[in-house]
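Engineer: Predicted model and sequence follow; I will ask about them next.
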Amino acid sequence: MPRRKKCGSLYSASLGATAKQLLKGCQEIDSKTEPFSQYNKIRDSPLKISPSREVEDADLCVEQRDLKKWLGNLPDTVVQDVFRLAMQQLESQLMVDKDKKLILTLINIESIKMSDFLFGVHSLLKILRGFAITDLNVSKRLWLILWEYEEILHQGLLKQAISEALPHLAAISTLSLPYLADDGIMNVIRKYLPCLISLDVSHSCVTDRGLRHLMSPCFITSGLMQPNPSVIRSLTSLLDSPENAYSSQIVWNSDGRVGKCLASELEVLKMESCDSVTDSGIRFVLEHYTNLKTLVYHQRRSVLEILLKWLAERADNDKKPQVRLEQLEHAFPYSIAPFSEQLATLTSVCTRLTAINIVTEDFVLPHFVGFSHLNTLTVELEDCIGEGFIIFLQQKGQDLRELYVSCSTDPDSTLSTVQGGHQGQLFNIVTLASGIYCTKVKKLSVSGCGLVSKEAMDSIQLTMKLNSTNWIRTNTQTWFRQLSHLMLMSYEDTMPSMTMHSVLLQHVLSNVPVLQVLNLEGNFGSYITDDYMRHILRQNKFASLRILDISVNDHGGVQGRIPLSLTTVQAFIDLCPNLVELRMSDWNITTEEFGSLTKSMSDNNYNLVLTRKIRA
């Protein structure tokens, strides 16, 4: 049976109540504040940082000091959690009738009171001064909403609040400022956040100049940030951290100053939809951000294209640079991927690459074998599944932990170039080849309606093996022993939905002991029946299964296209203790039966969500 819902912990309940009171207090303070009187320009010289949160801050008003003193009864780690929940509560408030509120704000722009649009964020950022916060945990959606109000008001108050708050939060290691970051804020980050290792400035106005700011040394004048001595620290092991735990990331010199280049420390940089960042800026990052592991950037060219062009323009006798990136992306809508000789060069430059997301053709895949640490491949093949795919799996399959394959080419335009190309074998060949060669894979996804070449089918004797039930039964027992996610999706409406050989799927599902997510989308209604699932459940109880989704497509359900009834629903409910979501869009379940099921889940307090889409 599914697990029953549990009461939240006392800690989470206390956090929620504290966050609610904190947000309410900050909003009341902000509503009484004249916003233009509380900000000063950030000085160019090193700013004197509060040495600890117990020191009285003269820049705070009386109410803010009282609120900070109240919050100071909590350890820094708890304050960080309270801040996170307060931001989540604010997001929930602002999402209610968001569009209507934005329109009304625009209509009444001349008569509105500016302080009504501070939302408590401004006071909260000031109150956090001196706390050893390591993660300014604010969702991208909340920053977007606040940015939309900022754009309507044309005042830049939130940017100013952030610029003044960051210098007092020197322990931050993870910072997300989508929509709001600009070159000025990048300069503030460079000066005052020496511990930063992850930065997200997506959808912002950051330019190449802002990226160059991070190359300048970071200097801070401050005393050692100490955790608060609150007696609450002794109440639980969660709060029993060493005295230097909150400041261990900052290396202070004897004169109380720390200086280093932030660009050499940053490990994650996200710049999705940063229109003002050019190819030259990305080149600069690749060359000078020497410790960068993840770089997210989506513009006219991909990071991979920019990197290859940069390498091609270097003189032959130049020493090859070493790029520490662990992920490279050249996905849709970018064009055909690089030439083979370019990939050969790339393998000697990106020696730490672990994940590739790329749009390419089949013949390119064997060249990825040269990436010795590669364990995750996301590939969209624009031609077909061919010998290149099989060769890649034969040589690299044992190292793969995640494999996402998509192939949805138009057969009318490809049949002439793929001799003997077969449609309808995509799920079969990828699943069978992965089972044979990728014995340690944990996540497998196959999507599309693409072709499979005759050479690929012959190389693994696909037809012969599919026709041998005994071969399938014997070999699938050793496949996918670590598989946690299996997704087979056909998403082309203009073609016949894909399906999979019924015997192969049956024995695969019977031998996946740790499967957590099963998503089958395609023409599975021809054989997945109650009897079919009953046979599988006899062999595999799916003790780890959390999400089950079997449908024809995701555009809305039509009752009966997947002939699974209440019998199968009840069987999964009875046998799968970890099941939390059961999606039944195309199942043979009536509206009355679905309503009765959901009521039963509620009456029994089961932690199981039943969902289905109904086509209008």
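Structural biologist: Received the coordinates, thanks. What you see is a predicted model, and the numbers here were worked out from it, not measured in a lab.

Engineer: Only the buried residues of stretch 471-481, if you could.
Structural biologist: Buried residues in stretch 471-481, counted by 16 or more other Cβ atoms under 10 Å: 472, 475-476, 479-480. Every C-beta, even on glycine, is put in place using the N, C-alpha and C of the backbone.

Engineer: Give me the distance from it to the chain's centre.
Structural biologist: 33 Å (Cα atoms, centre = their mean, to the nearest Å).

Engineer: From the rest of the structure, what touches that stretch?
Structural biologist: Residues outside stretch 471-481 that contact it (Cβ atoms under 8 Å, 6 or more residues apart in numbering): 434-436, 439, 441, 444, 465-466, 486, 503-504, 507-508, 510-514.

Engineer: redo that, cut-off 10 Å
Structural biologist: For stretch 471-481, contacts defined as Cβ atoms under 10 Å, 6 or more residues apart in numbering pick out 431-432, 434-442, 444, 461, 464-466, 468, 486, 501, 503-515.

Engineer: what is the rounded mean pLDDT of that stretch?
Structural biologist: The average pLDDT for stretch 471-481 rounds to 94.

Engineer: And that stretch, end to end?
Structural biologist: One end of stretch 471-481 sits 18 Å from the other (Cα to Cα, to the nearest Å).

Engineer: After the least confident helix or strand in the chain by mean pLDDT, which helix or strand is next? Please name it.
Structural biologist: Within the chain, no helix or strand scores below helix 411-414, which has a mean of 50 by mean pLDDT, DSSP states H and E. Note on helix 411-414: by DSSP states H and E, the next helix or strand toward the C-terminus is strand 422-423.

Engineer: Mind listing the strands that following strand pairs with, and their directions?
Structural biologist: strand 451-452 (antiparallel) (DSSP bridges).

Engineer: Beyond the strand it pairs with, next helix or strand please.
Structural biologist: helix 454-459.

Engineer: Next, the contact list for the residue nearest to residue 290 when sequence neighbours are not counted, please.
Structural biologist: Among residues not flanking residue 290 along the chain, residue 264 sits closest, at 5.3 Å (Cβ to Cβ, 6 or more residues apart in numbering). Counting by Cβ under 10 Å, 6+ apart, residue 264 makes contact with 214-215, 288-292.

Engineer: So which of those residues belong to helices?
Structural biologist: Residues of the contacts of residue 264 located in helices (DSSP state H): residue 288.

Engineer: just the helices in the stretch 351-500 of the chain please.
Structural biologist: 387-396, 411-414, 426-437, 454-459, 462-466, 469-475 (DSSP state H, counting those that start in this stretch).

Engineer: Name the stretch among these that sits most buried.
Structural biologist: helix 426-437 (a mean of 23; mean count of other Cβ atoms under 10 Å).

Engineer: buried stuff in the helix or strand containing residue 22?
Structural biologist: Per DSSP H and E, residue 22 falls inside helix 10-31. Judged by neighbour count (16+ other Cβ under 10 Å), helix 10-31 contains these buried residues: 15-16, 18-19, 22-23, 25-27, 29-30.

Engineer: Return stretch 346-354 as PDB; C-alpha atoms alone will do.
Structural biologist: The C-alpha coordinates for stretch 346-354 follow below in PDB (Å, rounded to 0.1, in the frame of the first residue of the first chain):
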ATOM      1  CA  LEU A 346      38.300  18.800 -28.200                       C
ATOM      2  CA  THR A 347      39.100  15.500 -26.400                       C
ATOM      3  CA  SER A 348      42.600  16.800 -25.600                       C
ATOM      4  CA  VAL A 349      41.300  20.200 -24.400                       C
ATOM      5  CA  CYS A 350      38.200  19.200 -22.400                       C
ATOM      6  CA  THR A 351      39.700  16.300 -20.600                       C
ATOM      7  CA  ARG A 352      37.200  16.500 -17.700                       C
ATOM      8  CA  LEU A 353      34.000  16.400 -19.700                       C
ATOM      9  CA  THR A 354      31.400  14.200 -18.100                       C
END
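
Engineer: quick one: buried residues of that stretch?
Structural biologist: 346-347, 349-350, 353-354.

Engineer: which pair in these spans the largest distance?
Structural biologist: 349 and 354 (14.8 Å; Cβ to Cβ).

Engineer: What helices and strands are in contact with the helix holding residue 22?
Structural biologist: In terms of contacts (3 or more Cβ pairs under 10 Å, 6 or more residues apart in numbering; DSSP states H and E), helix 10-31 is packed against helix 62-71, helix 76-95, helix 121-127.

Engineer: The longest one - what's its average pLDDT?
Structural biologist: Average pLDDT, helix 76-95: 94.

Engineer: immediately after it, which helix or strand?
Structural biologist: Using DSSP H and E, the helix or strand that follows helix 76-95 in sequence is helix 98-107.

Engineer: swap in the shortest one?
Structural biologist: Using DSSP H and E, the next helix or strand after helix 121-127 towards the C-terminus is strand 135-136.

Engineer: got the CA positions of the helix or strand just after that following strand in PDB?
Structural biologist: Next in sequence after strand 135-136, counting helices and strands by DSSP H and E, comes helix 140-153. In PDB, the C-alpha atoms belonging to helix 140-153 read as follows (Å, rounded to 0.1, in the frame of the first residue of the first chain):
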ATOM      1  CA  LYS A 140      13.900  32.500 -10.800                       C
ATOM      2  CA  ARG A 141      10.200  33.000 -10.900                       C
ATOM      3  CA  LEU A 142      10.200  35.400  -7.900                       C
ATOM      4  CA  TRP A 143      13.100  37.400  -9.400                       C
ATOM      5  CA  LEU A 144      11.100  37.600 -12.600                       C
ATOM      6  CA  ILE A 145       8.000  39.000 -10.800                       C
ATOM      7  CA  LEU A 146      10.000  41.500  -8.900                       C
ATOM      8  CA  TRP A 147      11.800  42.500 -12.100                       C
ATOM      9  CA  GLU A 148       8.500  43.100 -13.900                       C
ATOM     10  CA  TYR A 149       7.400  45.500 -11.200                       C
ATOM     11  CA  GLU A 150      10.900  47.100 -11.300                       C
ATOM     12  CA  GLU A 151      10.400  47.700 -15.100                       C
ATOM     13  CA  ILE A 152       7.000  49.300 -14.600                       C
ATOM     14  CA  LEU A 153       8.200  51.600 -11.900                       C
END
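
Engineer: on that earlier part again, filter the contacts of residue 264 to the buried ones?
Structural biologist: For the contacts of residue 264, buried by 16+ other Cβ under 10 Å: 214, 289, 292.

Engineer: what bits of the stretch 501-616 of the chain have low per-residue confidence?
Structural biologist: Within the stretch 501-616 of the chain, the ranges that satisfy pLDDT under 70 run 554-557, 615-616.

Engineer: let's see it at 80
Structural biologist: Across the stretch 501-616 of the chain, the ranges flagged by pLDDT under 80 are 525, 553-560, 613-616.
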